[in-house]
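Visitor: Model the structure of this input:
(one chain, ligands or ions: 2)
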Amino acid sequence: MSEAYCPWTVYKRAVDPKLLHRHKHQALGEGLASLIDTEVGVRVSEGRFFDDEPLSALLGDIVKKAENELTIHFDWSTMGRLQMTRYRPGGKYEWHVDNDFLLEPTGLQRKWTVVVGISRPGIDFTGGGLELMWTNATRHAVYLDEGDAVVFPSTLLHRGGPVHEGERWILVAWAQGQALR
Ligand SMILES: O=C(O)CCC(=O)C(=O)O
Ligand SMILES: [Fe+2]
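Guide: Ligands and ions are numbered 1, 2, ... in the order given. Prediction:
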């Protein structure tokens, strides 16, 4: 039997955890906005957008590497702003896709999603974690240790499962480009 193809790839220790922790503390100091999505009620988390050009460039390189490995090439031009997200106990982000709207004011669409772990599963938090939906409604759990990055198409259904104890922090970035291309 041939090996199953899945359109995502995980890179261990792709980002220096020290840098991620610095950004986490900076976001804490500046204040996190509630990301509770009351309209559809799928998201209970807090976060903050921030900029770090060298980190964006690094994440862009990771996306290009993933495109070559997965042999999928989307038309994208920028990584856009980075997002720091915190889930506390009960925090979650239910099944969704990331490309379902155009980004103001650029009109760009998200093409690739990069999630980088900042907290250690089973140590800093229990429960939670990223799951990706693939063929035949199969759920694939992705365990991201601090510094690990996963790259997947923003069209893919995914969720951040409910955190039970502790705090789960992640960095999320998106390769963005012209819509419908
Ligand atoms: O919690 C996760 O791992 C997923 C985060 C996510 O899907 C998002 O921020 O768009
Ligand atoms: Fe998402």
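Visitor: Please make it C-alpha for all contacts and neighbour counts, starting now.
Guide: Will do.
Visitor: How about residue 139, nearest residue that isn't a chain neighbour?
Guide: Among residues not flanking residue 139 along the chain, residue 133 sits closest, at 4.7 Å (Cα to Cα, 6 or more residues apart in numbering).
Visitor: hang on, that neighbour packs against residue 156?
Guide: Yes. At 6.9 Å, residue 133 counts as touching residue 156 under the criterion of Cα atoms under 8 Å.
Visitor: so the residue nearest to residue 139 is in which element?
Guide: Using DSSP states H and E, residue 133 falls within strand 130-134.
Visitor: repeat for residue 28
Guide: Per DSSP H and E: helix 17-30 holds residue 28.
Visitor: What residues sit buried inside that helix?
Guide: Buried residues in helix 17-30, counted by 16 or more other Cα atoms under 10 Å: 17, 20, 21, 23, 24, 27.
Visitor: starting at the chain centroid, how far to that helix?
Guide: 16 Å (Cα atoms, centre = their mean, to the nearest Å).
Visitor: so what does it touch, helix or strand wise?
Guide: Here helix 17-30 touches strand 82-87, going by 3 or more Cα pairs under 8 Å, 6 or more residues apart in numbering; DSSP states H and E.
Visitor: The strand it packs on pairs with which strands?
Guide: strand 46-50 (antiparallel), strand 168-178 (antiparallel) (DSSP bridges).
Visitor: Looking at those strands, spot the one closest to ligand 1.
Guide: Closest of the strands paired with strand 82-87 to ligand 1 is strand 168-178, at 5.7 Å (criterion: Cα to the nearest ligand atom).
Visitor: The lowest-mean-pLDDT helix or strand in the chain packs against which elements?
Guide: When the helices and strands of the chain are scored by mean pLDDT, DSSP states H and E, strand 33-34 comes last with a mean of 86. The helices and strands touching strand 33-34, judged by 3+ Cα pairs under 8 Å, 6+ apart, are strand 46-50.
Visitor: Relative to the whole chain's centre, how far out is the strand it packs on?
Guide: The answer for strand 46-50 is 12 Å, by Cα atoms, centre = their mean.
Visitor: Now do the helix or strand just after it against helix 17-30, angle only.
Guide: Toward the C-terminus, strand 46-50 is succeeded by helix 53-70 as the next helix or strand (DSSP H and E). Using axes from the mean of the first three to the mean of the last three Cα atoms, to 10 degrees, the direction of helix 53-70 lies 130 degrees away from that of helix 17-30.
Visitor: now, of the strands paired with strand 82-87, which is deepest in the fold?
Guide: Neighbour counts (mean count of other Cα atoms under 10 Å) averaged over each of these peak at strand 168-178, with a mean of 24.
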